[in-house]
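**Student:** Give the three-dimensional model of this entry:
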Amino acid sequence: MNIEQLLNTIMKLGILLMSSGAEVYRVEETMNRVGLSFSEVEGIQSYVTATGIMLSITVDGRTRTHIARVKYRNVNVDMIDQINQLSRTCCTRRLSVAQIDQRLEEIEHTKRYSFWTTTLFGAIGALGFAIFFDGNVQEMIASFCIGIVIRCLGWAFSKIHLSDFLVNLFSAMVAAWMAVEIHALVPAANINVMVISSIMLLVPGLAITNAIRDTIATDYISGLARGAEAFLCATAIAIGAGFILYIWR
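**Tutor:** This next block holds a predicted model:
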């Protein structure tokens with residue numbers, strides 16, 4: 001067995017999980033399970049943080065270590081589920097390193113929902129929040145339109161790898177500005193309902209959830225890091241929307 005190839009494959013698995021929004025304990029557990037599924041592996045240690053992964057594998061009394069940095073993160077629950085299923089398969093039947101690597105390539109290049117599908121359902125989500133906040137028909141339609149614009153901005157910013165802080169800042173500014181303009185055209189549309197309903201699409205719910213779960217799992221460094229990330233994203237939303245509303249008022 002080529003230990004270097006095994007290290008690279010397991011490290012790739014961990015990077016895919018972290019970049020898809022998985023919790024730290026899940027990444028470490030999955031990497032360890034896949035590594036220990038090989039009888040030649042005498043020991044494996046993985047240390048994962050919100051921005052990096054360290055992996056050590058011992059074979060024939062020799063230990064090799066790899067370190068990788070996780071630069072970009074998004075939300076891809078389907079990829080997390082497929083990799084979890086792959087790890088379970090490794091535990092039930094023996095897979096070669098080449099087979100695991102091939103399966104990871106397939107998972108990595110699995111086609112996600114199209115741009116228009118995610119945009120449409122993002123807009124429907126904003127509309128749903130408008131209903132939840134007792135909005136009228138005008139506010140529902142306005143929130144739907146603002147949701148479309150926010151999703152388009154998010155897609156455009158993702159292409160240039162803009163930081164989440166700036167993405168939320170600019171998106172919240174655009175959402176508040178559109179709400180103000182719609183209110184000027186349709187006075188019956190409440191600005192507060194439109195702004196709150198649309199910026200709910202930007203709230204870092206996954207980061208908050210993972211921060212709590214990592215902290216409960218005693219991964220305090222990652223918990224604090226994800227908590228700080230969620231706090232900064234929420235601050236960006238407040239600054240962006242608040243700045244526009246302050247100018248309007």
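**Student:** quick check: longest helix of this structure.
**Tutor:** In the chain, taking DSSP state H as the definition, the longest helix is helix 220-248.
**Student:** what about that helix, distance to the chain center?
**Tutor:** 16 Å (Cα atoms, centre = their mean, to the nearest Å).
**Student:** Looking at it now, give me its mean pLDDT.
**Tutor:** Mean pLDDT, computed over helix 220-248, is 89.
**Student:** Kindly report the same for stretch 80-88.
**Tutor:** 92.
**Student:** how far out from the middle of the chain is it?
**Tutor:** For stretch 80-88 - counting by Cα atoms, centre = their mean - the centre lies 17 Å from the chain centre.
**Student:** what's the nearest residue to Glu28 if we skip its chain neighbours?
**Tutor:** Ser46 (4.7 Å; Cβ to Cβ, 6 or more residues apart in numbering). The C-beta positions use only the backbone N, C-alpha and C, and glycine is treated the same way.
**Student:** let me redo that: Met79
**Tutor:** The nearest residue in space to Met79 (Cβ to Cβ, 6+ apart) is Ser20, at 4.5 Å.
**Student:** tell me the contacts of the one you found?
**Tutor:** 73-77, 79-80 (Cβ atoms under 8 Å, 6 or more residues apart in numbering).
**Student:** By neighbour count, sort out the buried ones in those residues.
**Tutor:** 73, 76, 79-80 (16 or more other Cβ atoms under 10 Å).
**Student:** Take those and lay them out in a markdown table including distance to Thr215 and secondary structure.
**Tutor:** Shown next, in a markdown table, are the buried ones among the contacts of Ser20 (distance: Cβ to Cβ, whole Å; DSSP: H, G, I helix; E, B strand; the rest coil):
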| residue | distance to Thr215 | secondary structure |
| --- | --- | --- |
| Arg73 | 18 | coil |
| Asn76 | 23 | coil |
| Met79 | 24 | helix |
| Ile80 | 20 | helix |
